[in-house]
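Colleague: Sequence plus the predicted model coming up.
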Amino acid sequence: MKPSTKDNAIGKFHEVKGKVRAKAGQLTNNPGLQIKGTMEEAAGKVQGIIGQAEKALEKRRARQ
């Protein structure tokens, strides 16, 4: 598996996991859990963006 694909997949996993955790924190009135979920969701989005950047670099290197 290419690093870009791996980063995209792991990023999406953390994004979904973070959304679930944040919603669970909201439903149980647990602000700490909600914040951790929001942070994990943001980290997943960043990792997905990194994967997209790596993919663009891979394509650029292939053309050269």
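Modeller: Arrived safely. Numbering: from 1, shown residues only.

Colleague: make it CA atoms for all contacts and neighbour counts henceforth
Modeller: Fine.

Colleague: residue ranges for the strands of this protein, please.
Modeller: Using DSSP state E, no strands are found in the chain.

Colleague: in the longest helix along it, what counts as buried?
Modeller: For the chain, the helix reaching the highest residue count under DSSP state H is reported as helix 31-63. Of all the residues in helix 31-63, those buried under the rule 16 or more other Cα atoms under 10 Å are 33-52, 54-55.

Colleague: counting contacts, what elements does it pack onto?
Modeller: Helix 31-63 makes packing contacts with helix 3-27 when contacts are defined by 3 or more Cα pairs under 8 Å, 6 or more residues apart in numbering; DSSP states H and E.

Colleague: Need the contact partners of the helix it packs on.
Modeller: When contacts are defined by Cα atoms under 8 Å, 6 or more residues apart in numbering, helix 3-27 is touched by residues 31-55.

Colleague: okay, the angle between the longest helix of the chain and helix 3-27?
Modeller: 160 degrees (axes from the mean of the first three to the mean of the last three Cα atoms, to 10 degrees).

Colleague: From M1, how far out is the residue nearest to the spatial centre of the chain?
Modeller: Geometric centre of the chain, nearest residue: G44, 1.5 Å, by Cα atoms, centre = their mean. From G44 over to M1 the distance is 18 Å, taken as Cα to Cα, to the nearest Å.

Colleague: got it, and E58?
Modeller: Distance, E58 to M1, by Cα to Cα: 13 Å.

Colleague: OK, contacts around the residue nearest to the centre of the chain?
Modeller: 10-15, 18.

Colleague: Can you tell me the closest non-neighbouring residue to it?
Modeller: G11 (4.0 Å; Cα to Cα, 6 or more residues apart in numbering).

Colleague: Check the burial of the spatially closest residue to G32 that is not a sequence neighbour by counting its neighbours.
Modeller: Sequence neighbours aside, G25 is the residue nearest to G32 in space, at 7.2 Å (criterion: Cα to Cα, 6+ apart). For G25, the count of nearby residues is 19 (other Cα atoms under 10 Å).

Colleague: Can you read off the pLDDT for G25?
Modeller: If you check G25, the pLDDT there is 97.
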